[in-house]
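Q: let me see the structure of the following:
(one chain, ligands or ions: 2)
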Amino acid sequence: MIYTVTVNPALDYVLQLEKVDRGEVNRTNNYSFLAGGKGINVSQILNQLGIDNTAWGFVGGFTGKELVRQLNQKRIVNDFVTISDVTRVNVKIHAQKETELNASGPKITNQEIVAFKDRLNDLKKGDIVVMSGSLTPGLPADFYQQLLPTIKDAGAEFIVDTTGQALLGTLSYKPLVIKPNHHELADLFNTTFDSSDVMLEYAQKLLKKGAQNVMVSMAGDGGYLLTKDHVYHARGAVGTAVNSVGAGDSMIAGFVGTYFKTQDPKESFRIGMACGAATAFTKDIAVKSQIDAVLPQIKVEQIS
Ligand SMILES: Nc1ncnc2c1ncn2[C@@H]1O[C@H](COP(=O)(O)OP(=O)(O)OP(=O)(O)O)[C@@H](O)[C@H]1O
Ligand SMILES: O=P(O)(O)OC[C@@]1(O)O[C@H](CO)[C@@H](O)[C@@H]1O
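A: Ligands and ions are numbered 1, 2, ... in the order given. Alright, predicted model coming up:
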């Protein structure tokens, strides 16, 4: 089983407008509330790929109810801890540029945290836990890291989709894969890259620090996969990008879901690249037909 963890989910309030005039009343009739949060986006893609998964995390209030309603409607299995505070709404404005307003999120009590940690007792050997997105206020900065010994003791694999120190702190527990984009990779080492060779040298350092696989994503410019044996490259799919919300989550979902079925990192990378592009080319998280349409474009070549 794959479990996704979204500690701080959101209803994404997505508004499409030709343009936004700051300081003015801007009107649109093109808007929707979508169940969001990085782990939930991973679950959505896994469902599209036909891979069983369960969404874990915290939900509360009227927004939490709507979020769970949408997940149930999409047949995404979920087992959230219900909290007394209210799940956030994140505003996504798609106009001349994409602008995102992400709220910090609800408070979570100690009792609610204990209820969440109890969920981990269900883990079995071979399961994969995907933890993604921001923490809510009051949760310790090393919250994900605190869960890792229990996950590893159960014989499960894990992924933490985060950046900076929080990501580095997970490497000694040997994450199945990590996926910094090229900017995040440079930030990790407080540097900039003047060539892809230099970028790959830094990505190798993350393998040495413990990651089992490293994907470096570069939006429309393709991506790299580093495994312990090889380095692979794939060009970006060509299409009209209309949305970047969830492209990274989709790439992770494609990788993890395929790896769960095949244990083949190269194939998992190919599907991950297609899922990322399919989401970039659509307003919401991609569906199966959109992923299938992009897939023939993704060619993975071994470069070393
Ligand atoms: N404009 C695009 N054209 C083609 N593919 C894209 C585009 N944007 C994203 N992708 C696909 O999605 C993957 C992840 O995108 P990106 O590198 O932007 O990750 P990210 O920064 O984590 O994304 P996010 O915007 O979700 O935070 C890319 O590797 C690529 O496969
Ligand atoms: O505030 P966080 O947790 O970092 O990100 C939350 C979020 O921006 O991530 C998803 C896209 O990746 C959206 O569905 C959601 O609103």
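Q: got the residue ranges for the helices in the stretch 101-250 of the chain?
A: All helices of the stretch 101-250 of the chain, identified by DSSP state H, counting those that start in this stretch, fall at 110-119, 143-153, 164-168, 182-188, 196-208, 247-262.
Q: redo these as TSV? Include mean neighbour count and mean pLDDT.
A: Yep, even glycine has a C-beta here, placed from its N, CA and C like the rest. Shown next, in TSV, are these (neighbours: other C-beta atoms under 10 Å; pLDDT from 0 to 100):
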stretch	mean neighbour count	mean pLDDT
helix 110-119	14	97
helix 143-153	17	96
helix 164-168	15	90
helix 182-188	18	97
helix 196-208	16	98
helix 247-262	26	98
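Q: redo those helices as TSV? Include distance to ligand 1.
A: Below are the helices of the stretch 101-250 of the chain laid out as TSV (distance: least, C-beta to the nearest ligand atom, whole Å):
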stretch	distance to ligand 1
helix 110-119	25
helix 143-153	17
helix 164-168	12
helix 182-188	7
helix 196-208	13
helix 247-262	2
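Q: wait, which of the ones you listed is closest to ligand 2?
A: Nearest to ligand 2, of all the helices of the stretch 101-250 of the chain, is helix 247-262, at 4.8 Å by C-beta to the nearest ligand atom.
Q: just the CA coordinates for that closest one, please, in CSV.
A: Below are the C-alpha coordinates for helix 247-262, written out as CSV (Å, rounded to 0.1, in the frame of the first residue of the first chain):
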residue,chain,number,x,y,z
ALA,A,247,3.4,19.4,-11.5
GLY,A,248,6.0,18.4,-9.0
ASP,A,249,3.5,16.3,-6.9
SER,A,250,2.4,14.6,-10.1
MET,A,251,6.0,13.7,-11.0
ILE,A,252,6.5,12.2,-7.5
ALA,A,253,3.3,10.2,-7.8
GLY,A,254,4.2,8.8,-11.2
PHE,A,255,7.6,7.7,-9.9
VAL,A,256,6.4,6.2,-6.6
GLY,A,257,3.3,4.5,-8.1
THR,A,258,5.4,2.9,-10.9
TYR,A,259,8.2,2.0,-8.6
PHE,A,260,5.7,0.2,-6.3
LYS,A,261,4.6,-1.9,-9.2
THR,A,262,7.9,-2.5,-11.0
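Q: can you tell me which residue is spatially central in the chain?
A: When C-alpha atoms, centre = their mean is applied to the chain, the residue found nearest the centroid is residue 249 (2.8 Å).
Q: contacting residues for that one?
A: Residue 249 makes contacts with 38, 39, 41, 42, 45, 132, 161, 279, 285, as judged by C-beta atoms under 8 Å, 6 or more residues apart in numbering.
Q: which residues does residue 125 contact?
A: With C-beta under 8 Å, 6+ apart, residue 125 has these contacts: 154, 155, 156.
Q: picking up where we left off before, can you narrow the contacts of residue 249 to ones near ligand 2?
A: 38, 41 (C-beta under 6 Å from any ligand atom).
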